[in-house]
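[1] here is a sequence with its predicted model. Questions after.
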Amino acid sequence: MFKTEQDGQALSGQKLTALDDVNMRILAVLRDDGRISMAALADRVNVSRASVYNRVEQLIASGIITGFSAQIDPSLVGLGVCALVYVTVHPQSWHRFREGLLQMPDVEYCAITTGEHDAMLLIRAVDIGGIHDFVTGVVAARPEVKSVVSVVALDEVVRKSYVLPSDIPDRSGMSNRMGMTRFTTAGNGRDAGGR
């Protein structure tokens with residue numbers, strides 16, 4: 001159930017598809033300070049304390065907020081090396097590979113991807129040897145894995161716990177683009193194979 005201050009009506013049994021401006025501001029503040037008090041959060045987003053408390057509870061109940069946790073600097077806890085590991089899996093092996101991933105405590109993040117590789121893992125280790133041992137001894141050793149490419153991160157420039165729609169600038173006025181290249185129409189005579 002999700003209720004907004006404006007209409008006062010609950011959306012019972014419906015999945016929340018849009019968030020109002022106040023909820024987005026709450027999420028933005030919580031991203032920067034998950035330990036902020038409800039009173040301070042209410043002040044920051046300019047609503048009553050009771051309202052902000054109810055909204056946070058509703059964001060949790062609806063599954064938008066999935067939890068709260070501390071963020072750490074990996075290098076200060078001894079994990080100074082980060083790598084992206086791109087994995088290609090043999091066809092028909094997805095279930096076993098996925099189950100195997102859940103048994104790998106070294107994996108900080110995994111995404112199933114399109115393109116040349118099937119999955120991307122983000123891993124951390126004490127040193128390059130730890131990355132090597134994990135990639136060759138754990139990931140590449142799995143029978144479901146066809147190939148592995150690892151890339152060591154030299155610097156992590158941007159790290160956010162999440163991105164909100166309000167963070168993304170409006171690019172609707174940009175020119176027509178396909179991928180990383182600009183789409184241009186064929187010139188005179190080129191649209192018919194140069195005839």
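    Here it is on my side, so go on.
[2] only C-alpha atoms for contact and neighbour calcs from this point on.
    Noted.
[3] who does the strand or helix carrying residue 151 pair up with?
    For residue 151, the host element (DSSP states H and E) is strand 145-153. Note on strand 145-153: by DSSP bridges, its sheet partners are strand 81-89 (antiparallel).
[4] ok so, going back, go through the strand holding residue 151 and flag the buried ones.
    Residues of strand 145-153 classed as buried: 145, 148, 150 (neighbour count, 16 or more other CA atoms under 10 Å).
[5] same thing with stretch 106-125?
    Per 16+ other CA under 10 Å, stretch 106-125 contains these buried residues: 106, 107, 110, 117, 118, 119, 120, 121, 122, 123, 124, 125.
[6] can you list the domain ranges for the protein.
    Domain assignment of the chain by automatic domain parsing yields the ranges 1-71, 74-153.
[7] what's the closest of those domains to residue 172?
    domain 1-71 (19.9 Å; CA to CA).
[8] for stretch 102-111, list the C-alpha coordinates in CSV.
    Extracted in CSV, the C-alpha atoms of stretch 102-111 (Å, rounded to 0.1, in the frame of the first residue of the first chain):
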residue,chain,number,x,y,z
LEU,A,102,25.9,-17.5,-5.0
GLN,A,103,28.6,-19.6,-3.4
MET,A,104,31.4,-17.1,-4.3
PRO,A,105,31.9,-14.7,-1.3
ASP,A,106,34.6,-12.8,-3.3
VAL,A,107,31.9,-11.4,-5.7
GLU,A,108,30.7,-7.9,-4.7
TYR,A,109,28.4,-7.5,-7.7
CYS,A,110,27.3,-9.6,-10.6
ALA,A,111,25.3,-8.6,-13.7
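[9] contacts for that stretch, please.
    101, 119, 120, 121, 122, 123, 124, 125, 134 (CA atoms under 8 Å, 6 or more residues apart in numbering).
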